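# Task: produce atomic coordinates for the following.
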Amino acid sequence: VTGFEEDIKKYLNSNIEVAAISSGTAALHLALILSGVERGDEVLCQSMTFAASANPIVYVGATPVFIDSEAETLNICPEQLEIAIKDRISKGKKPKAIIAVHLYGMPYKIDEIKSIAEKYEISVIEDSAEALGSTYKDVKCGTFGDYSILSFNGNKIITTSGGGALVTKNIETKKKAIFLATQARDEAPHYQHSEIGYNYRLSNISAGIGRGQMEVLDKRVEARRNMFHFYVNLFANLEGISVFEEPNGDFFSNHWLTIVEVDKDMTGGISREDLRKHMESENIECRPLWKPMHMQPVFNEYPFYGTGIAEEVFKNGLCLPSGSNLSDKDRDRIEKAILNCLKK
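Residues are numbered from 1 along each chain as shown. Predicted coordinates:
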């Protein structure tokens, strides 16, 4: 475990500390606790994300307040974020933390979010579960938050089967995270506990797998980005389907998943669902984007601030096969299936 933590720290190339945890979700739970979030507090959370970004808010008894996306990165919207902060403060509920996500490996607008967080003195928890290998202004994602989290789940760029990491700014916070992750056992010859702890530490066996995976991380990122460029070339001369890409040179995405938006008014009436179902009939799995949290049955009664961008992208967006191990034969089959659908 110690070696894996050092490997991650070296890769991130930053003045940070790393605690290896059993999952990204567990790491996020610990980040909320270390941020001082308690029962009755409010936490601002990007709506366009996987449920694991929001669930830990409820674990600690806090209230999630969901924020819409902006169009360039599909991540948390700085404008709506500040509107939400001002409104919550006016209601006597200053939020305790902001959870910002690098969706599908695309960095969020880090400078803008950091500026707002500092203005209102609110901690940022950077959800970098999908963004290992991504950078913003040549700095690795996973190092920008007051706390940052990584995931090594089976579907990520690299995997320990199940696992994650909490990235902190100093060794004292790392030690506190590990203390909480190992059942909060006090120093004593007997088993003594003064705080509630959790069974969240990564195992040595999983960490050993992770150390091997770190050796191929850059190759995995390259493979994902090659799949992205494959789709850019495929759709270059096709009307109605746009590949989601970095807004400018400051952003470097690992393109964990390549996503497209389908405009049926320009494809001859072929919708996102038409394309998805056609690919499914060819035994090629594609998926809609994450359904925004404020649209989820379990979260739809919580506050939301936005203009509908996340809802629109969910309606028309599609995640395409992006695995690091896809072969030329696989790509030929994907291309044929897509073209056959669009020709209909």
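
# Return the set of buried residues in the helix ranked longest in the chain.
Ordering each helix of the chain by length in residues (DSSP state H) puts helix 217-235 first. Of all the residues in helix 217-235, those buried under the rule 16 or more other CB atoms under 10 Å are L217, R220, V221, A223, R224, R225, M227, F228, F230, Y231, L234, F235. (C-beta placed from N, C-alpha, C; glycine too.)

# cool, stretch 22-36 as well?
Neighbour-count burial for stretch 22-36 flags 22-35 (criterion: 16+ other CB under 10 Å).

# Then stretch 246-266?
Neighbour-count burial for stretch 246-266 flags 246, 251-262 (criterion: 16+ other CB under 10 Å).

# ok, now stretch 46-58?
Buried residues in stretch 46-58 (16+ other CB under 10 Å): Q46, S47, M48, T49, F50, A52, S53, A54, N55, P56, I57.

# what's the most distant pair in the residues you listed?
M48 and P56 (17.3 Å; CB to CB).

# what's the span of stretch 36-46 from first residue to last?
19 Å (CA to CA, to the nearest Å).

# so what's M293 up against?
When contacts are counted by CB atoms under 8 Å, 6 or more residues apart in numbering, M293 touches C45, Q46, S47, M48, T49, A51, S53, A54, P64, F66, F299.

# so which of these would you say is closest to D332?
Using CB to CB, those come closest to D332 at M48, 32.0 Å.

# Check the burial of the nearest residue to the closest one once chain neighbours are set aside by counting its neighbours.
Once flanking residues are discounted, M48 sits nearest to A310: 4.2 Å by CB to CB, 6 or more residues apart in numbering. Counted with other CB atoms under 10 Å, residues neighbouring A310 total 32.

# before we move on, back to that, would you report which members of the buried residues of stretch 22-36 are assigned to helices?
Secondary structure of those is defined by DSSP H; positions in helices are G24, T25, A26, A27, L28, H29, L30, A31, L32, I33, L34.

# Distance of the residue lying closest to the second one once chain neighbours are set aside relative to A129?
Of all residues beyond its chain neighbours, the one nearest T25 is A52 (4.4 Å), with distances taken as CB to CB, 6+ apart. To A129, A52 is 7 Å away according to CB to CB, to the nearest Å.

# what residues are shared contacts of those two?
Among the neighbours of A52, those also in contact with A129 (CB under 8 Å, 6+ apart) are G24.

# could you pull out the strands for the stretch 151-300 of the chain?
164-168, 241-243, 251-252, 258-262, 287-288 (DSSP state E, counting those that start in this stretch).

# how far out from the middle of the chain is stretch 47-58?
Distance of stretch 47-58 from its chain centroid, counting by CA atoms, centre = their mean, to the nearest Å, is 10 Å.

# CA atoms of that stretch as PDB?
Only the C-alpha atoms of stretch 47-58 are listed here, as PDB (Å, rounded to 0.1, in the frame of the first residue of the first chain):
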ATOM      1  CA  SER A  47     -25.600  17.500 -11.100                       C
ATOM      2  CA  MET A  48     -24.200  15.800 -14.300                       C
ATOM      3  CA  THR A  49     -22.200  13.000 -12.600                       C
ATOM      4  CA  PHE A  50     -22.500   9.500 -11.300                       C
ATOM      5  CA  ALA A  51     -24.500   8.900  -8.100                       C
ATOM      6  CA  ALA A  52     -21.300   8.100  -6.200                       C
ATOM      7  CA  SER A  53     -20.400  11.800  -6.300                       C
ATOM      8  CA  ALA A  54     -23.600  12.700  -4.400                       C
ATOM      9  CA  ASN A  55     -24.400   9.700  -2.200                       C
ATOM     10  CA  PRO A  56     -21.700  10.500   0.500                       C
ATOM     11  CA  ILE A  57     -23.300  13.900   1.100                       C
ATOM     12  CA  VAL A  58     -26.300  11.900   2.400                       C
END
